[in-house]
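Asks: fold the stuff below for me.
(one chain, ligands or ions: 1)
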Amino acid sequence: MGQGRRKLVAGNWKMNGLHAEGLALARDLAHRAVAARRPAGEPISCDLLVCPPATLFFSLAEALTGSGIFLGGQDCHQDRAGPHTGDLSAEMLKDAGCSHVIIGHSERRSEHGESNEIVRAKAAAARRAGLVAILCVGESEAERVSGQALSVVAHQLAGSIPDGMAAASLVIAYEPVWAIGTGRTPTVADVAEMHAHIRQRLGGALAEAGDVRVLYGGSVKPTNAAELLAVANVDGALVGGASLVAADFWAIARSCG
Ligand code: PGA
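Replies: Numbers count the residues shown, from 1 in each chain. As a prediction, the model looks like this:
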């Protein structure tokens, strides 16, 4: 079905949002989403997902009910339960109302030493729990400058997608590490090249790969979203900073056309 991929705009709130502000942001988005679907509204043509801190899951699951906005986690442990102080299992996320989970974000890879092997186990845990894994890949600045971006991402994909992963359980997010939170983005040509490369690699890795959405992430803003979302093989965006402002996140969603 390839060509029929509906775009996904996902907000990664990271470690931001006390209860009152997170709830206000979610309510604002839910309100916009409900209004957009009314007869006089301006419907958006993408799926929406918010990934708040885990402390907000239960409140947000309630606040987002009826809005059509999905709820997701930012990480999960690979085990179902056990002696892992401070961790949350994919089953716990599911139980708290999540449908998606971000896996292998570069901040997890760098701050928590997550290898491709760990990322792969976490993606398998997401599948086990019935969550969609949003698996993040992306090169560092040094790797981009030395011409290794494509091979680094190919290596990450090969090492972190579990065998037999169903297309419906997987979203890929291409996030160049140097573009995250910096205000810098790759050129449209570089994004197009990388997304075509990822799509080709997915084709060799799993059945029905044409159904897997490949998001772009890294300094997506209302000002550059339309351009990035129009690039061939870009099936949505993973948004950090701009997802913390309802009007900005909504403007990015509207940029899906
Ligand atoms: P940013 O973050 O939009 O703030 O660059 C993106 C991300 O890390 O997912």
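Asks: for the stretch 1-150 of the chain, give me the ranges with low pLDDT.
Replies: When residues are selected by pLDDT under 70, those of the stretch 1-150 of the chain lie in 1-3.
Asks: strands of that one, residue ranges please.
Replies: Per DSSP state E, counting those that start in this stretch, the stretch 1-150 of the chain carries strands over the ranges 8-12, 47-51, 70-73, 100-103, 132-137.
Asks: up against the ligand, what does the stretch 101-250 of the chain have?
Replies: 175, 180-181, 217-220, 238-242 (CB under 6 Å from any ligand atom). All C-beta atoms are positioned from the backbone trio N, CA, C, and that covers glycine.
Asks: so which of those sit within strands?
Replies: 217, 238-239 (DSSP state E).
Asks: neighbour-wise, which one of the residues you listed leads?
Replies: The residue in those with the most neighbours, by other CB atoms under 10 Å, is residue 239 (29 neighbours).
Asks: please work out which residue of this structure is closest to the ligand.
Replies: residue 240 (2.2 Å; CB to the nearest ligand atom).
Asks: who does the nearest residue to that residue once chain neighbours are set aside bridge with?
Replies: Take residue 240 and drop its neighbours on the chain: the residue closest to it by CB to CB, 6 or more residues apart in numbering is residue 12, 5.1 Å away. Beta-bridge pairing for residue 12 (DSSP bridges): residue 51.
Asks: still on that earlier bit, okay, the strands of the stretch 1-150 of the chain in a markdown table with mean neighbour count next?
Replies: Formatted as a markdown table, those follow (neighbours: other CB atoms under 10 Å):
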| stretch | mean neighbour count |
| --- | --- |
| strand 8-12 | 27 |
| strand 47-51 | 25 |
| strand 70-73 | 23 |
| strand 100-103 | 26 |
| strand 132-137 | 27 |
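Asks: list the contacts of residue 90.
Replies: 73, 76-77, 80, 101, 122, 125-126, 128-129, 131 (CB atoms under 8 Å, 6 or more residues apart in numbering).
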